[in-house]
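Peer 1: Predicted coordinates and the sequence they were generated for:
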Amino acid sequence: MNKTEKEQTVASLNSMIREARSAFLIDYRGLKVVAATELRQQIRKISSEYEVVKNTLALRAVKDTRMEHLSPFFKGPTAIALSRREDAPALAKLLMDFAKGHPAIVFKAAVVEGQVFPAEAVPEISKLPSREELIGKLVYLLKSPVSRLSSVLNAPLRNLALDLSQIQK
């Protein structure tokens, strides 16, 4: 790889990292090529990216980004899974499910919304509800008091109608 190719790789990786909302560093040692290709395809389906990186180039790419705190983890074979969406748990769930069937995958660290998490936190991140679920819960919580108030306000009219029908009988 010559100098211009390295610069292009660093620039490309830097732009991917700047756009990413979350990242997971993975030690892929022992992962078969077929399995890596399958993982790449699954990650693309959820609008995320998976790149095997050279540590020296990755260290240059993360410099002056919110993922700069990952620098100590770029040792040994490293792949990085990036998500541009706000839904970090979706990528974490996919990676955890894939890792169950492929024990060669070892997590090094993760960054979600600029906060660095150790490898042990990845299973916890994968258990978080998705963004859509959280929005649904929020809408339910906002709607619940209004519907209860409506029910309470309609109760006297409903009771009056029932009383009038009883009187008529």
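Peer 2: Sure thing, it's come through. Residues are numbered from 1 along each chain as shown.
Peer 1: Now the helix or strand containing residue 57: buried residues?
Peer 2: Element membership for residue 57 (DSSP states H and E) is helix 55-62. Neighbour-count burial for helix 55-62 flags 57-62 (criterion: 16 or more other CB atoms under 10 Å). Backbone N, C-alpha and C define where each C-beta goes, glycine included.
Peer 1: mind listing the strands for the protein?
Peer 2: Assigned by DSSP state E, the strands in the chain fall at 22-27, 48-53, 78-83, 106-112, 115-118.
Peer 1: I'd like those as JSON lines, with mean pLDDT, mean neighbour count and distance to residue 136 appended.
Peer 2: Below are the strands of the chain laid out as JSON lines (pLDDT from 0 to 100; neighbours: other CB atoms under 10 Å; distance: least, CB to CB, whole Å):
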{"stretch": "strand 22-27", "mean pLDDT": "91", "mean neighbour count": "24", "distance to residue 136": "21"}
{"stretch": "strand 48-53", "mean pLDDT": "89", "mean neighbour count": "19", "distance to residue 136": "22"}
{"stretch": "strand 78-83", "mean pLDDT": "91", "mean neighbour count": "22", "distance to residue 136": "20"}
{"stretch": "strand 106-112", "mean pLDDT": "91", "mean neighbour count": "22", "distance to residue 136": "21"}
{"stretch": "strand 115-118", "mean pLDDT": "88", "mean neighbour count": "14", "distance to residue 136": "24"}
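Peer 1: quick one: which of those is nearest residue 134?
Peer 2: Smallest distance to residue 134 across the strands of the chain (CB to CB): 14.0 Å, for strand 106-112.
Peer 1: quick one: strands adjacent to the closest one?
Peer 2: Each strand paired with strand 106-112, and its direction, by DSSP bridges: strand 22-27 (antiparallel), strand 115-118 (antiparallel).
Peer 1: Identify all contacting residues around the first one.
Peer 2: Outside of strand 22-27, the residues that reach it under the criterion CB atoms under 8 Å, 6 or more residues apart in numbering are 17, 67, 70, 73-74, 76-83, 88, 91-92, 95, 105-113, 122.
Peer 1: Perfect, I'm done here.
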